[in-house]
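Visitor: sequence plus the predicted model coming up.
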Amino acid sequence: MWPLTRIIGLISVAPLYGNVSVPARVKIALGIMLALIVSPLVTVPVAIDPMSLAGILILIQQLVIGLAMGFAMRIAFAGIEMAGEISGMTMGFGFASFFDPQTRARSSAISQFLALIMLMVYLTTNLHLVVLSTLVQSFDLLPISSNFIAPGGLLEVVKWGGRIFSAGVQLSLPIVAALLITNIALGVLTRAAPQLNIFGIGFPLTIGAGFIMIGVALPYLANPISLLIQDGVEAMGRITVALTPLN
């Protein structure tokens, strides 16, 4: 039951596994299957009754560990979504928003487009299997015990959360720079010919320039996206180590 709780915590939050379009029965079945494979190799405190207060505290602790590891990988995906939001707002395409089933909120079309590309890279490079491998290795780095987890692990999650903004700015920087040059050119053109309707020609030009830059940047996005996902996997390991009790 304790290994299953940690596994279910990660599956409920991690990208692909925790998507709301995946039925809950499939998530539970995957968690049970992994728990049956991992449980014989996991050492548990046999002297503690799972239904006692100490057993319930261990259960909550394993859930927190799984959620923290899954949330670390979710942050990596939020970085590319942030890049899409910045690009969409800069090119004036922010009004094209759709319902995102992953976050259950509104997100721009550019953001969802880049998120789908990241999901394809995530699957084609087999990093979704690396996530499960890191989860299994966490039982060796952070065994199941009655000791309270160290608060440094939660602090590591907060620090890793800043990666959302840095990755979003870095990935959207080429598009934002091209649109900045386009807006400067439009400003100079409007100053030279005040009779031009800047609102009539400005929006089509900025949106067109944004799509052109996205098309130019797409072939080069696979490597930084792959590195971002690998950073997420490494963050899962750092969080696991930081959660290890001092005693």
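Guide: Received, thanks. Treat the numbers as computed from the prediction; the structure is a model and nothing was measured.
Visitor: elements contacting the top helix by length along the chain?
Guide: Ranked by residue count and defined by DSSP state H, the top helix of the chain is helix 53-90. When contacts are defined as 3 or more Cβ pairs under 8 Å, 6 or more residues apart in numbering; DSSP states H and E, helix 53-90 packs onto helix 2-11, strand 105-108, helix 109-124, helix 127-141, helix 152-161, helix 163-192, helix 198-217, helix 222-242. The way it works is simple: take the backbone N, C-alpha and C, and place the C-beta from them, glycine included.
Visitor: which stretches of this structure have low pLDDT?
Guide: 45-46, 94-106, 199, 246-247 (pLDDT under 70).
Visitor: which residue sits farthest out from the middle of it?
Guide: Distance from the C-alpha centroid of the chain, by Cα atoms, centre = their mean, peaks at residue 195 (47.1 Å).
Visitor: now it. Its backbone dihedrals?
Guide: Summarising the backbone geometry of residue 195 under the convention degrees, to the nearest 10, its torsions are phi -70, psi -10.
Visitor: sorry, back to before: who wins for proximity to residue 34 among the helices and strands packed on helix 53-90?
Guide: Ranking the helices and strands packed on helix 53-90 by proximity to residue 34 (Cβ to Cβ) places helix 2-11 first, at 5.1 Å.
Visitor: right, and the helix or strand after that closest one?
Guide: helix 24-38 (DSSP states H and E).
Visitor: what's the angle from that next one to helix 2-11?
Guide: Relative orientation of helix 24-38 with respect to helix 2-11: 130 degrees, computed using axes from the mean of the first three to the mean of the last three Cα atoms, to 10 degrees.
Visitor: which of the residues in helix 24-38 are buried?
Guide: Of the residues in helix 24-38, those buried by neighbour count under the rule 16 or more other Cβ atoms under 10 Å are 27, 30-31, 34-35, 38.
Visitor: I'd say residue 87 and residue 175 touch.
Guide: Yes. Contact criterion Cβ atoms under 8 Å: residue 87 and residue 175 qualify, at 4.6 Å.
Visitor: more crowded one of the two?
Guide: residue 87 (28 against 25; other Cβ atoms under 10 Å).
Visitor: which residues touch the more buried one?
Guide: Residues in contact with residue 87, defined by Cβ atoms under 8 Å, 6 or more residues apart in numbering, are 93, 110, 114, 172, 175-176, 210, 214.
Visitor: follow-up on the earlier one: got the helices and strands packed on helix 53-90 as TSV, with distance to residue 51 columns?
Guide: As requested, the helices and strands packed on helix 53-90 are arranged in TSV below (distance: least, Cβ to Cβ, whole Å):
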stretch	distance to residue 51
helix 2-11	12
strand 105-108	38
helix 109-124	38
helix 127-141	22
helix 152-161	27
helix 163-192	40
helix 198-217	55
helix 222-242	27
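Visitor: out of the ones you listed, which is the most enclosed?
Guide: Burial of those is given as mean neighbour count (mean count of other Cβ atoms under 10 Å); helix 2-11 ranks first at a mean of 24.
Visitor: quick check, distance from that helix to the centre of its chain.
Guide: Going by Cα atoms, centre = their mean, to the nearest Å, the spacing between the C-alpha centre of helix 2-11 and its chain's C-alpha centre is 18 Å.
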